[in-house]
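K.L.:
Pasting the sequence and the predicted coordinates here, then a few questions.
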Amino acid sequence: MTDTTETTAAENTAPETATAANIAADTAAATTAEETAAPKTASHDNEPNPKLRAFMNSGWADSERQDVTLSDVGVWAAKRRDALSQAFPGERLVIPAGTYKVRSNDTDFVFRPHTDYVWLTGNQTSDSVLVLEPNGTSGHDGILYFRPRADRGQGEEFWRDRMYGELWAGRRPSLTETAKEFGIETRHVDGLADALKSDVPTRVRRAEHESIAALLSGTKTEAAKDRELAATLSELRLVKDPFEIEQLRNAVAITHRGFSDVLAEMDKVREYGERWIEGTFWRRARAEGNDVGYTSIAAAGPHATTLHWIENDGTVDNGTLMLLDMGVENRQLYTADITRTLPVSGEFTPRQRELYQLVLDAQNAGIAALRPGAAFRAGHEAAMEVIVHGLDAMELLPVSAEEALDPESMLYQRYTLHGVSHMLGLDVHDCASAREEKYRKGQLQTGYVLTVEPGLYFQSDDLTVPEDLRGIGIRIEDDILITQDGTENLSEAMPREVEALQTWMSS
């Protein structure tokens, strides 16, 4: 999936942090974790009578899981917390998971926890907050505050609460289960507000809004220091550990199968259009992963010239190209990001093939330029050299290739629009809060994973290009791991060469 500029990292699109009301409902009134707030019900819910209350609160078997053991992600998350701890000795660090976001009226979007929270805990429970409390020995104690499943027999949450009740929204883990699975101390979220009252310098991962500040009245927080925490977390996440690399391999493999599903149903694609592509790929994402990592771009014909075409409501017609930019988010929430441009009829026309080969040559040059110590923009610059000289050879530039590449000109961007690379991991535009000197103006390191995705886009109404090129968009994108001696294309198994693409479609 493209960045829309060459110089600015895409905004992190993780959910908003939890509001004070959501992460500590009725905290002021609660004196212990066991006290239960009134269940969240709807206006059309009936008020139960005493007999029903008594009946609903009795006769339930113990459902505590006894088979929970420390997960692999829990082991790696502990190491990541240690790395963050070393960066901020003596300071409290608060990282919320976030809460549900309203879709419409009383329906919510599916919850997806904040990326930094997932990276530091492995946990995916809503309304949770990780607190790294300084322990006086230059380190921190990690405490996970969250809303566990309600105890059946105490209160009505489990059978009446539409947001957290087990009979409404599904089973939430217990404090003990979560502690075992992720190797971290757990406490009820109702105790969070009191825990934050002590006079300790505090940094908060505020994400997209400041609502968490309501829980931090009286603590020493500063916006600039909070931004430094966000930047440090992004920079720590730049180098992927072995667990993360395996998760990305898994996401890429599922994505490959999702693309193949689409190609196997080209008769339906031609009948129902872009909607069928989106739905078919999403089915694979949900079957094997968690979801799609971003809204799929199923862009056929002139829609391919819109970088982030997500309406996906157009026709798919023989003789045109379809640009599919899609990625599966796996069950540990790591996402692939892969683009293939394919001929709907199964074979490129000579003109389509010429343009496609130019973009492929540019991508190969971009990948070849990557290695440890190379500038992050090395791949972009190498790919643009190929693109611009190719456009010049096709007499599509109003100036020479050299003048077009001049930083004072860059006229070729009319047809390329975006940068060639962005980081990839738990977010499709990963590590977005990292400082420029560590990211876009920095050097590549072993363990970085980034995309290489040059493109050519000739708008339908662009009078500067021949009529037969108008409405054609081509992008090729792969996920590249920086290794000690160069690169590994994690998505190499997905065909890119012209003949291989055509064979893939026919098979």
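P.N.:
Great, that's in hand.
K.L.:
can you count the residues close to residue 349?
P.N.:
14 (other CB atoms under 10 Å). Using the backbone N, CA and C atoms, a C-beta is placed for each residue, glycine as well.
K.L.:
Going forward, count from 42.
P.N.:
Understood, numbering begins at 42; the last thing we discussed is residue 390.
K.L.:
Wait, it touches residue 360, no?
P.N.:
Yes: under the contact definition of CB atoms under 8 Å, residue 390 touches residue 360, with a separation of 7.4 Å.
K.L.:
Need the distance between the two termini of stretch 160-175.
P.N.:
20 Å (CA to CA, to the nearest Å).
K.L.:
Revised request: answer the last question for stretch 442-460.
P.N.:
With CA to CA, one end of stretch 442-460 sits 18 Å from the other.
K.L.:
quick one: buried residues of that stretch?
P.N.:
Residues of stretch 442-460 classed as buried: 442, 444, 445, 446, 452, 453, 455, 456, 457, 458, 459, 460 (neighbour count, 16 or more other CB atoms under 10 Å).
K.L.:
and if you look at stretch 222-238?
P.N.:
222-225, 227-234, 236-237.
K.L.:
Report the secondary structure state of the residue minimising distance to the centre of the chain.
P.N.:
Note on the chain: the residue nearest the mean C-alpha position is residue 468, at 2.7 Å, using CA atoms, centre = their mean. Assigned state for residue 468: coil (three-state reduction, DSSP: H, G, I helix; E, B strand; the rest coil).
K.L.:
cool, residue 321 as well?
P.N.:
Relying on three-state DSSP, one would call residue 321 helix.
K.L.:
That one contacts residue 306, correct?
P.N.:
Yes: assessed by CB under 8 Å, residue 321 is found in contact with residue 306 at 5.7 Å.
K.L.:
Comparing these two, which shows the higher neighbour count?
P.N.:
residue 321 (22 against 16).
K.L.:
contacting residues around the more buried one?
P.N.:
299, 302, 303, 306, 309, 310 (CB atoms under 8 Å, 6 or more residues apart in numbering).
K.L.:
which among the residues you listed gets closest to residue 90?
P.N.:
residue 299 (50.5 Å; CB to CB).
K.L.:
Three-state assignment for the closest one, please.
P.N.:
helix.
K.L.:
Return the distance of it relative to residue 163.
P.N.:
Residue 299 sits 25 Å away from residue 163, going by CB to CB, to the nearest Å.
K.L.:
of those two, who's got more company?
P.N.:
residue 299 (27 against 23).
K.L.:
thinking again about what came up before, can you list which of the buried residues of stretch 442-460 are found in helices?
P.N.:
442, 444, 445, 446, 455, 456, 457 (DSSP state H).
K.L.:
Need those residues in JSON lines (columns: pLDDT and distance to residue 413).
P.N.:
Listed next are these as JSON lines, based on pLDDT from 0 to 100; distance: CB to CB, whole Å:
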{"residue": "442", "pLDDT": "97", "distance to residue 413": "30"}
{"residue": "444", "pLDDT": "96", "distance to residue 413": "33"}
{"residue": "445", "pLDDT": "96", "distance to residue 413": "31"}
{"residue": "446", "pLDDT": "97", "distance to residue 413": "26"}
{"residue": "455", "pLDDT": "98", "distance to residue 413": "34"}
{"residue": "456", "pLDDT": "98", "distance to residue 413": "32"}
{"residue": "457", "pLDDT": "98", "distance to residue 413": "27"}
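K.L.:
what's the closest of those residues to residue 268?
P.N.:
Closest to residue 268, out of all of those and judged by CB to CB, is residue 457, at 31.7 Å.
K.L.:
how close does the closest one get to residue 240?
P.N.:
Applying CB to CB to residue 457 and residue 240 gives a distance of 54 Å.
K.L.:
still on that earlier bit, need the pLDDT of the residue nearest to the centre of the chain.
P.N.:
The model reports residue 468 with a pLDDT of 98.
K.L.:
Correct me if wrong: it contacts residue 374.
P.N.:
No: using CB under 8 Å, residue 468 is not in contact with residue 374; the gap is 9.1 Å.
K.L.:
okay, and the common contacts of these two?
P.N.:
With CB under 8 Å, 6+ apart as the test, residue 468 and residue 374 both reach residue 156.
K.L.:
on that earlier part again, tell me the spatial nearest neighbour of the residue nearest to the centre of the chain, not counting adjacent residues.
P.N.:
The shortest distance from residue 468 to any non-neighbouring residue, by CB to CB, 6 or more residues apart in numbering, is to residue 156 (5.2 Å).
K.L.:
For the one you found, the count of nearby residues, please.
P.N.:
Around residue 156 there are 27 residues (other CB under 10 Å).
K.L.:
same question, the one 10 residues further on
P.N.:
Around residue 166 sit 19 other residues, with neighbours defined as other CB under 10 Å.
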